[in-house]
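# sharing a model prediction with you, sequence too.
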There are 2 protein chains.
Amino acid sequence: MAIAETKVRLPIPSLPKGFRVAGVHAGLKRNPTREDISLIVSDVPATAAGVYTTNLVFAAPVAFDRARTPGLGFQAIAINSGNANACTGARGIDDARSMAAATAAAVGISEASVLVLSTGIIGEFLPLEKIRSGIVSVSSQLSRNDEAVVTAARGMMTTDTRPKLTGSNFSAAGKTYTLFGMAKGAAMIGPRMATMLGIILTDAPVAPADAQRLLGEITEYTFNCVSVDGHTSTNDTVLLLANGAAGGQSLSGSSLDSFSAALSHACEALAHEIADDGEGATHVLRIEVTGCQTRETARQIARTIADSPLVKTAIAGADPNWGRIVSAAGYSGVMFEPDKLSLRINGTLLFCAGAPVVFDGAAVSDSIQAFRETLIQLDMGLGQESIRFYSSDLTAEYVRLNADYHT
Amino acid sequence: MAIAETKVRLPIPSLPKGFRVAGVHAGLKRNPTREDISLIVSDVPATAAGVYTTNLVFAAPVAFDRARTPGLGFQAIAINSGNANACTGARGIDDARSMAAATAAAVGISEASVLVLSTGIIGEFLPLEKIRSGIVSVSSQLSRNDEAVVTAARGMMTTDTRPKLTGSNFSAAGKTYTLFGMAKGAAMIGPRMATMLGIILTDAPVAPADAQRLLGEITEYTFNCVSVDGHTSTNDTVLLLANGAAGGQSLSGSSLDSFSAALSHACEALAHEIADDGEGATHVLRIEVTGCQTRETARQIARTIADSPLVKTAIAGADPNWGRIVSAAGYSGVMFEPDKLSLRINGTLLFCAGAPVVFDGAAVSDSIQAFRETLIQLDMGLGQESIRFYSSDLTAEYVRLNADYHT
């Protein structure tokens, strides 16, 4: 597989020290060119933190990982796509444990140091034989090169059109550390834990409590501010592994702040990628709600706009239909004064202090058509709090993909 | 216009005594074969009750009517389609009053006895000259015949494909009364006041307080249990006129119960029609959630399923994708025990006590394809309360209609 064919955005980010990855096709997906098992191994034990779906109906790997994180001593994440191992009862939990055990055996580590992730169809049991042989195969191909990174990222994709990768370096306590992230999105992307799967790796040393706190806080305003279709998945998980392989003591104070900034940047980049690659999407909606009394009410307004099929189809049609946006704010459940509300699309003022403004509709429509991203700015005129939320437009292609996915 | 061409469901229900109606084309819609002004006149003063949108951004006619109802002495409802008179500020309120004044002058009644309704594009001022001449024209064509009823119902349509009418007789206190209803739906049909416009007429005598209480209660479990796209409109209104023209004293006790049953039947029939004629719909989803501790939690689960684009596209694709339904319940915000949950589609058990059931997927898919209505039954196994909720499926045609509506 040539990397150019994967549509990944270049350059491919570097892996942090001490991590190796790979992805292989093991027969869970029908198409033999699509990887469906990925493996991430840390050569030294790492701190792990996790943030999981809030859906009451959660998948077996979510239950399995949630019981283990945050903590120390982790060395591997095994991932399969094509099967979510969700709604599979007690057998699903046994299967998740079998997947971890197979990984431990193949890599030569303890079962307690393995985390597992699954994504794909709900309600079918994991094909354990395929998974076991896939894990043996993938463990023999672990590498730090670009192709390994891309195949690992592809191994977690479902209807994503491209791998989602991000990376950066940051300095802390006189050392340079690397942070790497990858994610999958596409659909069943809901507002309460907004990626199916996200993985962040760093060679910085971070204590479990710090890793968990920062991952939770940052997820809240990055992954949890994305919605493709408002449908919170059963499998949503973001995992962070920090193996300390680049040396130094556990980060604290301003060093921890540097790590936090890099983590925030990575989560933001992946969240944007997920909206951009929403199923059938032709536009990303960047929704900025300002002038609110609390950040939570700003998010509630933004989420209601982000999930309105009427707003999403208007943007797909390059239609500056501000009435749909203003009325979505109106049913968000947040109290506000319509007379103080103003709205801009791509910088043009369409509605000001509760009344329509004369504007060049054709010019705004042209600007929506011209850019992949549409900027929707709603100022409520009530306070100082704000939020930024990402969504994707709703196209006939989304309907086609989801009407035909299962049968 | 031949009635057969309007696709209305036959037979056309009879108007209650003392009511006359008509609909005309006045130039608000571009297509000259589409009526856009309707008028309902009661020859004698009637009790009026109203239920309105909960959207904070509400239209001028909503503000106008809400200030007048419930009450006595009403004689007319003037309706226009093609323009919602929403987000139009103080001038919008003046325009609503001008529309009522024009109606009063044309019919020869007092302005205080008129209610107005508008539906259509948000954010443009009412074309008052067209509306005034339309009202003069429609007031000269008032009639009780079938064609008048159908044109009046067509005059409130936007993207509806057919007029929505219902009617029945009921007996109370030794007399026979008639109840008549009409509605428009199509899109911007949200869960908190679920029809753009609904009108119920009866020749029974009903006191304003009783009319208001019953309309509010019944709307809650009929129109407010419908969602096409979850987007609560700025204009949603249901009005009830009770003119007492069939004689008798104000209904009370068991007579009022008879009226309540007829009203409930009419609202239920119109709510179903609205879901059935949802924009682009190829299926109505009838979602029955049972076994809940409260009716409100049952509704919250049903509404989450009804609004999930993944559930709606699955039904469009005749796909018995129960994972999407169960996971929608899981993110509804209602606490429940997944292990007690069971799901049937069109009578076939797919998921029982938290675990998948072996079923004939092709047979269930065939049954979804064969029928206009898909029955989704979710039992939560926690209590005795239940709800019935209507939605429509999500098709590429919905996207096409809404991407192209404005520009």
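It's in. Predicted, not measured: the structure shown is a model, and the values here were computed from it.

# what are the boundaries of the strands in the stretch 301-407 of chain A?
A:342-345, A:348-352, A:355-356, A:373-379, A:385-392 (DSSP state E, counting those that start in this stretch).

# what sits closest to the residue of the stretch 101-250 of chain A found nearest chain B if chain neighbours are left out?
Residue nearest to chain B within the stretch 101-250 of chain A: residue A:122 (2.8 Å; Cβ to the nearest Cβ). From N, CA and C alone the C-beta is placed, and that goes for glycine too. Leaving out its chain neighbours, the residue that sits closest to residue A:122 by Cβ to Cβ, 6 or more residues apart in numbering or on different chains is residue B:323, at 2.8 Å.

# before we move on, what about residue A:389?
In space, residue A:389 is closest to residue A:302, 3.7 Å off (Cβ to Cβ, 6+ apart).

# correct me if wrong: residue A:310 contacts residue B:403.
No: using Cβ atoms under 8 Å, residue A:310 is not in contact with residue B:403, being 10.1 Å away.

# okay, domains of chain A per the record?
A:3-276, A:284-403 (automatic domain parsing).

# and of these, who's closest to residue B:378?
With Cβ to Cβ as the criterion, residue B:378 lies closest to domain A:3-276 of those, at 11.8 Å.

# now the terminal residues of that closest one, how far apart.
Domain A:3-276 has an end-to-end distance of 20 Å (Cα to Cα, to the nearest Å).

# sorry, back to before: with mean pLDDT and distance to residue B:294 as added columns, please give the strands of the stretch 301-407 of chain A in a markdown table.
Formatted as a markdown table, the strands of the stretch 301-407 of chain A follow (pLDDT from 0 to 100; distance: least, Cβ to Cβ, whole Å):
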| stretch | mean pLDDT | distance to residue B:294 |
| --- | --- | --- |
| strand A:342-345 | 96 | 37 |
| strand A:348-352 | 93 | 39 |
| strand A:355-356 | 84 | 41 |
| strand A:373-379 | 96 | 34 |
| strand A:385-392 | 92 | 31 |
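
# JSON lines for the ones you listed, including mean neighbour count and distance to residue B:261?
Below are the strands of the stretch 301-407 of chain A laid out as JSON lines (neighbours: other Cβ atoms under 10 Å in any protein chain shown; distance: least, Cβ to Cβ, whole Å):
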{"stretch": "strand A:342-345", "mean neighbour count": "21", "distance to residue B:261": "46"}
{"stretch": "strand A:348-352", "mean neighbour count": "18", "distance to residue B:261": "45"}
{"stretch": "strand A:355-356", "mean neighbour count": "18", "distance to residue B:261": "45"}
{"stretch": "strand A:373-379", "mean neighbour count": "20", "distance to residue B:261": "45"}
{"stretch": "strand A:385-392", "mean neighbour count": "24", "distance to residue B:261": "44"}
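
# more neighbours, residue A:310 and residue B:403?
More neighbours surround residue A:310 than the other of residue A:310 and residue B:403, with 26 against 23 (other Cβ atoms under 10 Å in any protein chain shown).

# give me the pLDDT for the residue nearest to that one when sequence neighbours are not counted.
Nearest in space to residue A:310, with sequence neighbours left out and distances taken as Cβ to Cβ, 6+ apart, is residue A:324 at 4.5 Å. pLDDT, residue A:324: 88.

# from residue A:118, how far out is residue A:324?
37 Å (Cβ to Cβ, to the nearest Å).

# among these two, which residue is more densely surrounded?
Ranked by neighbour count (other Cβ under 10 Å), residue A:324 and residue A:118 place residue A:118 first, with 32 against 26.

# so who does that one touch?
A:59-61, A:79-81, A:83-86, A:96, A:126, A:235 (Cβ atoms under 8 Å, 6 or more residues apart in numbering or on different chains).
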